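*Asks:* turn this into a structure:
(chains A and B)
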Protein chains: 2
Amino acid sequence: MSTQSPRRKRATVHDVAIEAGVSRGTVSRVVNGERYVSDEARAAIEAAIVKVGYVPNTAARNLVMQRTQAVAFIVHEPGPLFVEDPNIGEILLGANATLSAADYQMTILVVDSERDTERVARFLRGGFVDGLIMVSARTDDPITRVIEQLELPAAFVGHPPGLTAAWVGIDNRGSARAVTERLVATGRRHIGMIAAALDRDSGVDRLQGFTDALGDRFRSDLVESVPLYSYSAGVDGMRALLARRPEIDGVFAASDAVAAGAIEALREAGRSIPDDVGVVGFDDSAWARRTHPGLSTVRQPAAGLGRAAAESVLAQLGGEQPLVDGIMVETAIVWRESA
Amino acid sequence: MSTQSPRRKRATVHDVAIEAGVSRGTVSRVVNGERYVSDEARAAIEAAIVKVGYVPNTAARNLVMQRTQAVAFIVHEPGPLFVEDPNIGEILLGANATLSAADYQMTILVVDSERDTERVARFLRGGFVDGLIMVSARTDDPITRVIEQLELPAAFVGHPPGLTAAWVGIDNRGSARAVTERLVATGRRHIGMIAAALDRDSGVDRLQGFTDALGDRFRSDLVESVPLYSYSAGVDGMRALLARRPEIDGVFAASDAVAAGAIEALREAGRSIPDDVGVVGFDDSAWARRTHPGLSTVRQPAAGLGRAAAESVLAQLGGEQPLVDGIMVETAIVWRESA
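*Replies:* Numbering: from 1, shown residues only, chains lettered A, B, ... in the order given. Sure, this is the predicted structure:
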């Protein structure tokens, strides 16, 4: 590659040594700020560094120090959702702010295919980062197994079953129960759920909270399961529920994006919200503030989750043991007009 | 740090050599798959590798090869917009797919503060990546200057004035002109614009295309400038235009997110779309398909821009000269119900 390249090859310590007429070891001592170099040699080396355009290689120096000052942020989402889910962006920005303040470079790695999984695993094993944050891991996610074997400081956002690493999260089950209970309390009699992402702890826990709230009134044909926390999945899920159980008068959508899609499908079907059908979501993301009517939902402090995950990684980098029992961040129910 | 850490230090070639009773050079030859090692030494080294838990350090090997097999994707956006702008996500996923197919790891770096700028510059200089893609650079962006001095294969999405690196982009000016001409052709007489991001080439070019289309009919008090391509900026911009020029009957919003905000402000003000006011946007992002009525807009092939930028970086890594004249990707006008 470098033989074909029209670009000038990066200058090395060797080039500086030849230019200055000293040994490479002497150049290294100057570059690394060590003592025991004559003023004359130091001056010659400094002039040579400018002349050949040498830039000390941080990667090389970090390697010797066994640190990179970089932390990976791994997002396991199929393409469209990484774009569409404002939670991921907010978690990411919260983590970046905390890592940046500690002078760590956050490098985001997207896992969007099996090929990505293998390559990210290689990257993590390869010594490019000092630690990592993982969001939206699946149950039995191959990346999770790789991370657990790595001996790198790590924090998960969310808590896949069997995880042995540090994690931060919210009470998905209790929050889902609370938001569903409101639908019950306002007299809805045929309450359904658009359940999403049942390959993840958050998806399973939200469904569990819904069944907790309904108790004996739970009817399995009032639950439609969709693959992703996405708008289009919400449209599809609501259409399916309306077709199967047209008397439906309340719906808990597993995320705000899903709820926005459900509202669109209800609008198509001529149902008014909240008069005909009450709708509640989960996240309090930007979606919730742009639906008509405004969406009642569970406020999830996404940026706070990112900050907490970053703090956990920094604490581990500072020598603390990871808190494998998890750190829970508070949620709140937000009532608007949709239910 | 490592002295405090409860984690076991990563095993090195040195540990393997001691365990196997051979020199470090012999271990390196085995690890790197070289010949001229006795079967006996090889067996001892392989056993020692397993015993001490040695993992070859890819970062170290890459350093010797002067390559990392990683490409940076740099996003310069203030926090909320990185979350809200679907274009960035689609550019990112297009680039990731192309780099992934070539077995390159894309590492996304967010520039969200001055502190981030300095640290990202250090990271890029430090030998952690073989090349980079930069989106949403500002005019006179400090990061742009850093990149131009780096001698790293680079491609920009968009074209800040004075840029000397390779870039991919669209004809923002011509596309903005075409979409505005439609407002003129349908008989609108008081056509305004919510201009955004005038610190970037895309923002300036879209405003220029708007003025091209209006010619003598251009009125500066029918242009409201907002800082970002965001929904809330669109709400603010439309409110300002309605207050200043209530007779306004057509508006070109500089992006679909801005248009969605404008539609919300028009709804508040009791104006019907398209009867009272025609609205056009720019991007054909997910926003355009979720407004009511559906948004007429310019289709920008965002994933295609990401792929083209990645292909440019890969070509440069393969020894080709960067195409500093730029690569233009086609746009199309999409007519829906809003104008």
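*Asks:* and the host helix or strand of A:V75, how far out from the chain middle?
*Replies:* With secondary structure defined by DSSP states H and E, A:V75 is part of strand A:70-76. Relative to its parent chain, strand A:70-76 has a centroid offset of 8 Å by C-alpha atoms, centre = their mean, to the nearest Å.
*Asks:* do the same with stretch A:303-310
*Replies:* 10 Å.
*Asks:* who touches that stretch?
*Replies:* Stretch A:303-310 is contacted by residues A:71, A:90-99, A:102, A:106, A:133, A:155-157, A:168-170, A:327, A:329 when judged by C-beta atoms under 8 Å, 6 or more residues apart in numbering or on different chains. C-beta here means a position set from N, CA and C on the backbone, and glycine is covered the same way.
*Asks:* list the ones among these that fall in helices.
*Replies:* Mapping those onto helices (DSSP state H) picks out A:90-99.
*Asks:* would you mind putting these into TSV with pLDDT alongside?
*Replies:* Formatted as TSV, these follow (pLDDT from 0 to 100):
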residue	pLDDT
A:E90	88
A:I91	92
A:L92	90
A:L93	90
A:G94	93
A:A95	95
A:N96	93
A:A97	92
A:T98	95
A:L99	95
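*Asks:* distance to A:P293 and neighbour count added to those, as TSV?
*Replies:* Below are the ones in helices among the contacts of stretch A:303-310 laid out as TSV (distance: C-beta to C-beta, whole Å; neighbours: other C-beta atoms under 10 Å in any protein chain shown):
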residue	distance to A:P293	neighbour count
A:E90	23	24
A:I91	27	31
A:L92	30	27
A:L93	28	23
A:G94	29	22
A:A95	33	29
A:N96	34	28
A:A97	33	20
A:T98	35	23
A:L99	38	28
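*Asks:* ok, of the residues you listed, which one's closest to A:S23?
*Replies:* A:L99 (38.6 Å; C-beta to C-beta).
*Asks:* isn't the closest one right up against A:L314?
*Replies:* Yes. Counting by C-beta atoms under 8 Å, A:L99 touches A:L314, with 7.4 Å between them.
*Asks:* buried ones in stretch A:103-113?
*Replies:* Neighbour counts over stretch A:103-113 (16 or more other C-beta atoms under 10 Å in any protein chain shown) mark A:104-112 as buried.
*Asks:* could you dump that stretch to PDB, C-alpha only?
*Replies:* Backbone C-alpha positions of stretch A:103-113 (Å, rounded to 0.1, in the frame of the first residue of the first chain) are rendered in PDB as follows:
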ATOM      1  CA  ASP A 103     -10.100  13.700  28.600                       C
ATOM      2  CA  TYR A 104     -11.100  10.400  27.100                       C
ATOM      3  CA  GLN A 105     -11.900  10.000  23.400                       C
ATOM      4  CA  MET A 106     -15.200   8.200  22.800                       C
ATOM      5  CA  THR A 107     -15.200   6.100  19.600                       C
ATOM      6  CA  ILE A 108     -18.600   4.900  18.500                       C
ATOM      7  CA  LEU A 109     -18.700   1.500  16.900                       C
ATOM      8  CA  VAL A 110     -21.900   0.400  15.100                       C
ATOM      9  CA  VAL A 111     -22.800  -3.200  14.900                       C
ATOM     10  CA  ASP A 112     -25.200  -3.500  12.000                       C
ATOM     11  CA  SER A 113     -24.400  -7.000  10.600                       C
END
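*Asks:* determine the three-state secondary structure at whatever residue of the stretch 151-300 of chain A ends up closest to chain B.
*Replies:* Going by C-beta to the nearest C-beta, chain B is nearest to A:E151 of the stretch 151-300 of chain A, at 5.7 Å. Assigned by DSSP: H, G, I helix; E, B strand; the rest coil, the conformation of A:E151 is coil.
*Asks:* also A:D140?
*Replies:* Looking at A:D140 with three-state DSSP, the answer is coil.
*Asks:* what's the spacing between it and chain B?
*Replies:* When distance is defined by C-beta to the nearest C-beta, to the nearest Å, A:D140 is 22 Å away from chain B.
*Asks:* with adjacent residues omitted, what lies nearest to that residue?
*Replies:* Using C-beta to C-beta, 6 or more residues apart in numbering or on different chains and skipping residues adjacent in sequence, the residue nearest A:D140 is A:P160, 7.8 Å away.
*Asks:* equivalent analysis for A:Y54, please.
*Replies:* Going by C-beta to C-beta, 6+ apart, A:Y54 has A:A11 as its nearest residue, at 4.3 Å.
*Asks:* shouldn't the one you found be in contact with A:K51?
*Replies:* No. At 9.2 Å, A:A11 does not count as touching A:K51 under the criterion of C-beta under 8 Å.
*Asks:* so these two - more neighbours on which side?
*Replies:* A:A11 (17 against 13; other C-beta atoms under 10 Å in any protein chain shown).
*Asks:* that one: helix or strand, and which one exactly?
*Replies:* Assigned by DSSP H and E, A:A11 belongs to neither a helix nor a strand.
*Asks:* how about the residues of the stretch 101-250 of chain A near chain B?
*Replies:* Neighbours of chain B within the stretch 101-250 of chain A, by C-beta under 8 Å from any C-beta of the partner chain: A:101, A:103, A:105-110, A:112-113, A:115-116, A:119-120, A:122-123, A:125-128, A:151, A:153, A:231.
*Asks:* so which of the residues you listed are in strands?
*Replies:* Among these, DSSP state E puts A:105-110 in strands.
*Asks:* name the nearest of those relative to B:V204.
*Replies:* A:I108 (29.1 Å).
*Asks:* beta partners for the closest one?
*Replies:* A:I108 has the following beta-bridge partners by DSSP bridges: A:F73, B:I108.
*Asks:* could I get the average pLDDT for stretch A:235-250?
*Replies:* If you average the pLDDT over stretch A:235-250, you get 98.
*Asks:* would you map the helices across the stretch 201-339 of chain A?
*Replies:* With helices called from DSSP state H, counting those that start in this stretch, the stretch 201-339 of chain A shows them at A:201-214, A:231-244, A:256-268, A:302-317.
*Asks:* I meant the stretch 1-150 of chain A, not that one.
*Replies:* Here the stretch 1-150 of chain A has its helices, by DSSP H, counting those that start in this stretch, at A:13-20, A:24-31, A:39-52, A:58-65, A:79-84, A:86-101, A:114-125, A:142-148.
*Asks:* in terms of mean pLDDT, which of those helices ranks lowest?
*Replies:* Note on the helices of the stretch 1-150 of chain A: lowest mean pLDDT is at helix A:58-65, with a mean of 54.
*Asks:* I'd say A:P274 and A:S338 touch.
*Replies:* Yes. Assessed by C-beta under 8 Å, A:P274 is found in contact with A:S338 at 5.6 Å.
*Asks:* please compute how far stretch A:128-144 lies from its chain's middle.
*Replies:* Counting by C-alpha atoms, centre = their mean, stretch A:128-144 comes out at 9 Å from the chain centroid.
*Asks:* for it, measure first residue to last.
*Replies:* Taking C-alpha to C-alpha, to the nearest Å, stretch A:128-144 runs 18 Å from one end to the other.
*Asks:* so what sits opposite the most centrally placed residue in chain A in the bridge?
*Replies:* Nearest residue to the geometric centre of chain A (C-alpha atoms, centre = their mean): A:V135, 3.4 Å. When bridges are called by DSSP bridges, A:V135 pairs up with A:V75, A:V157.
*Asks:* give me the domain ranges for chain A.
*Replies:* A:13-56, A:70-170+A:303-330, A:172-299 (automatic domain parsing).
*Asks:* contacts for stretch A:168-179, please.
*Replies:* Residues from elsewhere that reach stretch A:168-179 (C-beta under 8 Å, 6+ apart): A:155-159, A:201-202, A:205-210, A:212-213, A:252, A:280, A:282, A:296-298, A:300-301, A:305, A:308-309, A:312, A:326-331, A:333.
*Asks:* return the set of buried residues in stretch A:111-120.
*Replies:* Within stretch A:111-120, the residues that count as buried by 16+ other C-beta under 10 Å are A:111-112, A:116-117, A:119-120.
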